[in-house]
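A.B. asks: The amino acid sequence is not available; the structure is as follows:
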């Protein structure tokens, strides 16, 4: 199974930018990089995904390294509602499943 | 924004009983999934479903489990003869039809908490 490595936890202050790193050194050329988050007592929530180029949407930005062996999820201004577990997942083209790791628990302080 | 709806939010059942967990995926999505999360553990893939048949399943999804799309809008997970270790949050998800499904995000429901006593 395609594997990612993330820090167990990170902290941020409200309204500051947050950079959540993810290493995926075994990524193959067709694997997409997906980010999901899970708020307490909720289902996973799609955040963003990309293949090679950096991506922006209303929730976040995804910066993908040129060699694709790492990526960074950027929350431009953290809010208290962004406190969650963030999962970096490699979505493999020939399978339906998403393989969740333990993710990064983000704490946001007022 | 379109949502995946799951019912009930909490189900308590006695060991050995059968339960059916229900999901209404997003209307224009054609791929459907069930995941589960035992308390304090990772989210685990159970099964994917497309065109009225299972397209992929995990080792967890044994003969005790079955899925069905009974009426074109609902998507159900049936667990026969429940065991204590089936206690978990069960999440339904759906995604758009595509030959490259991983090119789209998956939308998850809020889950059903199943407690087997």
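C.D. replies: Perfect, thanks for sending it. Everything numeric here is computed off the predicted structure, so don't read it as measured data.

A.B. asks: With adjacent residues omitted, what lies nearest to residue 5?
C.D. replies: Since no chain was named, I'll use chain A. residue A:23 (4.3 Å; C-beta to C-beta, 6 or more residues apart in numbering or on different chains). (Each C-beta comes from the backbone N, C-alpha and C, glycine too.)

A.B. asks: not quite, I wanted chain B
C.D. replies: Per C-beta to C-beta, 6+ apart, closest to residue B:5 is residue B:24, 4.4 Å.

A.B. asks: Does that neighbour touch residue B:72 like I think?
C.D. replies: No: counting by C-beta atoms under 8 Å, residue B:24 sits too far from residue B:72 to count as a contact (10.6 Å).

A.B. asks: Show me which of those two is the more surrounded one.
C.D. replies: When neighbours are counted by other C-beta atoms under 10 Å in any protein chain shown, residue B:24 and residue B:72 differ, and residue B:24 comes out ahead with 16 against 8.

A.B. asks: distance of the more buried one from residue A:74?
C.D. replies: Residue B:24 sits 33 Å away from residue A:74, going by C-beta to C-beta, to the nearest Å.

A.B. asks: Check residue B:73 and give its pLDDT.
C.D. replies: Looking at residue B:73, its pLDDT stands at 87.

A.B. asks: And the one 4 residues further on, by the same measure?
C.D. replies: You'll see residue B:77 listed with a pLDDT of 98.

A.B. asks: downstream neighbour of the strand or helix carrying it in the secondary structure list?
C.D. replies: Using DSSP states H and E, residue B:77 maps to strand B:75-79. Using DSSP H and E, the helix or strand that follows strand B:75-79 in sequence is strand B:88-95.

A.B. asks: and that following strand, which strands flank it?
C.D. replies: strand B:31-37 (antiparallel), strand B:107-108 (antiparallel), strand B:112-116 (antiparallel) (DSSP bridges).

A.B. asks: Residue B:17 is nearest to which of the ones you listed?
C.D. replies: Each of those has some distance to residue B:17 by C-beta to C-beta; the shortest is strand B:112-116, at 8.2 Å.

A.B. asks: could I get the strands paired with strand B:88-95 as TSV with mean neighbour count and mean pLDDT?
C.D. replies: Converted to TSV, the strands paired with strand B:88-95 look like this (neighbours: other C-beta atoms under 10 Å in any protein chain shown; pLDDT from 0 to 100):
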stretch	mean neighbour count	mean pLDDT
strand B:31-37	24	95
strand B:107-108	23	94
strand B:112-116	18	98
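
A.B. asks: among the ones you listed, which is nearest residue B:48?
C.D. replies: Smallest distance to residue B:48 across the strands paired with strand B:88-95 (C-beta to C-beta): 5.0 Å, for strand B:31-37.

A.B. asks: can you pull the contacts of the residue nearest to residue A:5?
C.D. replies: Listed by C-beta atoms under 8 Å, 6 or more residues apart in numbering or on different chains, the contact partners of residue A:23 are A:4-6, A:69-70.

A.B. asks: Mind putting those into JSON lines with secondary structure, neighbour count and distance to residue B:20?
C.D. replies: Below are those laid out as JSON lines (DSSP: H, G, I helix; E, B strand; the rest coil; neighbours: other C-beta atoms under 10 Å in any protein chain shown; distance: C-beta to C-beta, whole Å):
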{"residue": "A:4", "secondary structure": "coil", "neighbour count": "22", "distance to residue B:20": "34"}
{"residue": "A:5", "secondary structure": "strand", "neighbour count": "12", "distance to residue B:20": "38"}
{"residue": "A:6", "secondary structure": "coil", "neighbour count": "21", "distance to residue B:20": "35"}
{"residue": "A:69", "secondary structure": "coil", "neighbour count": "13", "distance to residue B:20": "44"}
{"residue": "A:70", "secondary structure": "strand", "neighbour count": "19", "distance to residue B:20": "43"}
